[in-house]
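Colleague: Need coordinates for the following:
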Amino acid sequence: MSVVVGLNFHHADSSACVLVDGELKAAIAEERRGPRIKHDPSFPGRALDAVLQEAGVTVDDITHVALPRDPTANLKAKVSYVASHPVSGGLAAIEHLRRREQAKSLKRQIADELGCDLERLRFDEVPVEHHLAHVSSAYYCSPFEELTAGFSYDASGDFVSLMAARCEGDRIDVLDRVPLPSSLGFFYTALCQFIGFDGFGEEYKVMGLAPYGRDLYQPLMEEMVRLEKDGWFSLDGRFFGMHNGGTSGLLDSDGHVVMGTFYSAALQERLGPPRRRDQPITQREMDIARSCQVRFQRVALHCITQLHHRVPTPRIAYAGGCALNGVANSLFLRETPFESPYLQCASSDDGTSLGAALWAYHNVARGKERFHMKHAYWGRSHTLDACEKAAQSASMPMRTFGGNASEAVAELLHRGMVVAWYQGRSEWGPRALGNRSILASPLVSGMKDTINRKIKKRESFRPFAPTVLQECVADYFEQTVHSPFMMHVVKVKPEWRERLPAITHVDGTARLQSITREVNPNYHDLIRLLRAIRCGQRPLHHLQRKRTDHRHSGSGDGLFFADRSRRDLP
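Modeller: Residues are numbered from 1 along each chain as shown. The predicted structure is shown next:
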């Protein structure tokens, strides 16, 4: 029996996973098990303990531990950068040595975290280049074994921002890389910071803000990111100040991932002073967001098109932080010959632990079994007793329904209430996909503002995502896609936009999750029942609610619960 553990740490979104004979048994990000630090980069000791328990194995069973970084990768590019940038390059080299030293003590860290004897750890360590782990996380989880294009793009990893690969059978052959300092992820983050979203991982806010703006700054964006004859791109270094080294994996006093400033004074000369986080968002920030998103899409589309020239196939498997840009993902389907994409649910850096583990299983352990990830529910589950105790500890009113809970919740949603839906194992990746979700009816006018203001307590422009029965996608959306992991933003049909105000964004789009009963029967039934009630095909049951239910909700508008859409219960 092979038991392969994948670990990502000392890099944002630390995580752990376990494969047993090539089959994923559990995968959890440390932020869901530790002190609730978003994008936690610390060693995933709690996550590792949890996934081992879920898999039913112990440290004695581990045969391999795979890490999604390889200090020996891309040495030529690293040396060249240090030679041409002695200060920032020297800091980066120091950071490289620090992380390499930490990796040397892996067995000691695991023994300390799990409280076990060091002699029990007899596994082999397997380093896997960062972007190769990203590609592996998509391809080895896909249903594809025929010729498939592999692709990864993000800010950086092992001194690379993009990787193109040819995948077939068990093999992944790297065709090309884009080394730093060129990075489409850095470009997007630089503009994200300039707009005032200066925390780690806030790029999704730019995508949400972009539809409110105009593409007024495209000439500047074209200066910042140039398309190259080799099929990829390069950044104009005048506008960027990223990769100063010395900060990767560090936290500030508030527990947030430390971020350097990615843009330079040259950008301020062209755009004016950057917005501070506490300042209001103006039309200028909306226009910058729109111009940034448009340029990102054009450059990404150029790269994906060039990839198809190198790997002519209808199949593509891709990952990386930039792969979470759902607007670009839908564009690829419309504008390239790739007809069958596969993106697994943890496409950002938490997913590299899985990719490294899968690569180690196929290329080191020489395993032959293929694993197809159809759902995202790879985290912890909790007993009813544990859930009841958690509710009692929060002084939350409780009521047990004697019949089908989906029917009761469907009626609550139909009446305009907001429900915290909690079932089964937690999701793997950044999306709430029906096991840890805040639910509301998409038909209720003002629901988006209500949830943003009263529950999420976040920016008013932030959109919400609809879950749609896969068989009904074509009824509501202009583009028929299969998007089980909420990875595509598509146009709502014009006749439905005013009728679905809670999920239709200002530009008429929605980031949808399509669902089948095979993947999540309870959630599928809930949506089917809500649809039946709306269509008058199912009578209401006239549920009774005590007036005292409002006492702990903080509002009389509905039954509001704490937001646990991305967290396990303590």
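Colleague: so which helix or strand takes in residue 510?
Modeller: Using DSSP states H and E, residue 510 sits in strand 509-515.
Colleague: what's that strand packed up against?
Modeller: Under the contact criterion of 3 or more CB pairs under 8 Å, 6 or more residues apart in numbering; DSSP states H and E, strand 509-515 touches strand 467-469, strand 488-491, helix 521-534. Yep, even glycine has a C-beta here, placed from its N, CA and C like the rest.
Colleague: Please state the offset of that strand from the chain centre?
Modeller: Offset of strand 509-515 from its chain centre (CA atoms, centre = their mean, to the nearest Å): 15 Å.
Colleague: Check stretch 112-125 too.
Modeller: 30 Å.
Colleague: Residue 456: neighbour count?
Modeller: Residue 456 is flanked by 15 other residues according to other CB atoms under 10 Å.
Colleague: ah, wrong one, I meant residue 385
Modeller: Per other CB under 10 Å, the neighbour tally for residue 385 reads 8.
Colleague: what is the mean pLDDT for the helix or strand it falls within?
Modeller: Secondary structure assigned from DSSP H and E places residue 385 in helix 384-393. What helix 384-393 shows for mean pLDDT is 88.
Colleague: cool, stretch 234-254 as well?
Modeller: pLDDT averaged over stretch 234-254 gives 74.
Colleague: Now the terminal residues of it, how far apart.
Modeller: One end of stretch 234-254 to the other measures 35 Å (CA to CA, to the nearest Å).
Colleague: Can you list the low-confidence ranges for this structure?
Modeller: Confidence mapping of the chain against pLDDT under 70 gives the ranges 85-104, 242-249, 402-403, 538-570.
Colleague: domain ranges for it?
Modeller: 3-74+89-130+348-363, 384-552 (automatic domain parsing).
Colleague: what's the neighbour count on residue 212?
Modeller: 17.
Colleague: sec struct for the residue nearest to it when sequence neighbours are not counted, please.
Modeller: Leaving aside its chain neighbours, residue 212 sits nearest to residue 286 (4.3 Å; criterion: CB to CB, 6 or more residues apart in numbering). Under DSSP: H, G, I helix; E, B strand; the rest coil, the three-state class of residue 286 is helix.
Colleague: And what about residue 125, helix, strand or coil?
Modeller: Here residue 125 takes the strand state, with states given by three-state DSSP.
Colleague: Tell me the bridge partners for it.
Modeller: As for beta bridges, residue 125 partners with residue 65 under DSSP bridges.
Colleague: List the residues that contact it.
Modeller: Listed by CB atoms under 8 Å, 6 or more residues apart in numbering, the contact set of residue 125 reads 64-67, 103, 106.
Colleague: Need the max-distance pair from these.
Modeller: Farthest-apart pair in the contacts of residue 125 is 64 and 103; separation 14.7 Å (CB to CB).
Colleague: Contacts only, for the residue nearest to residue 212.
Modeller: Counting by CB under 8 Å, 6+ apart, residue 286 touches 209-210, 212-214.
Colleague: about what we covered before: which of the domains of the chain sits closest to residue 316?
Modeller: Here domain 384-552 is closest among those (CB to CB), at 12.6 Å.
Colleague: wait, isn't residue 500 in contact with residue 442?
Modeller: Yes. With contacts counted by CB atoms under 8 Å, residue 500 reaches residue 442, the gap being 4.6 Å.
Colleague: and these two? which has more neighbours close in?
Modeller: Shown here are residue 500 and residue 442; by other CB under 10 Å, residue 442 has more neighbours (25 against 17).
Colleague: where does the more buried one land in three-state SS?
Modeller: Secondary structure, three-state DSSP: residue 442 is coil.
Colleague: Need phi/psi at it.
Modeller: Main-chain torsions, residue 442, degrees, to the nearest 10: phi -70, psi -10.
Colleague: That one against residue 466, yeah?
Modeller: Yes. Counting by CB under 8 Å, residue 442 does reach residue 466; the two are 5.6 Å apart.
Colleague: so what's in contact with those two at the same time?
Modeller: 500, 503.
Colleague: could you measure the most centrally placed residue in the chain against residue 80, distance?
Modeller: Central residue of the chain (CA atoms, centre = their mean): residue 430, 4.1 Å from the mean position. Distance, residue 430 to residue 80, by CB to CB, to the nearest Å: 34 Å.
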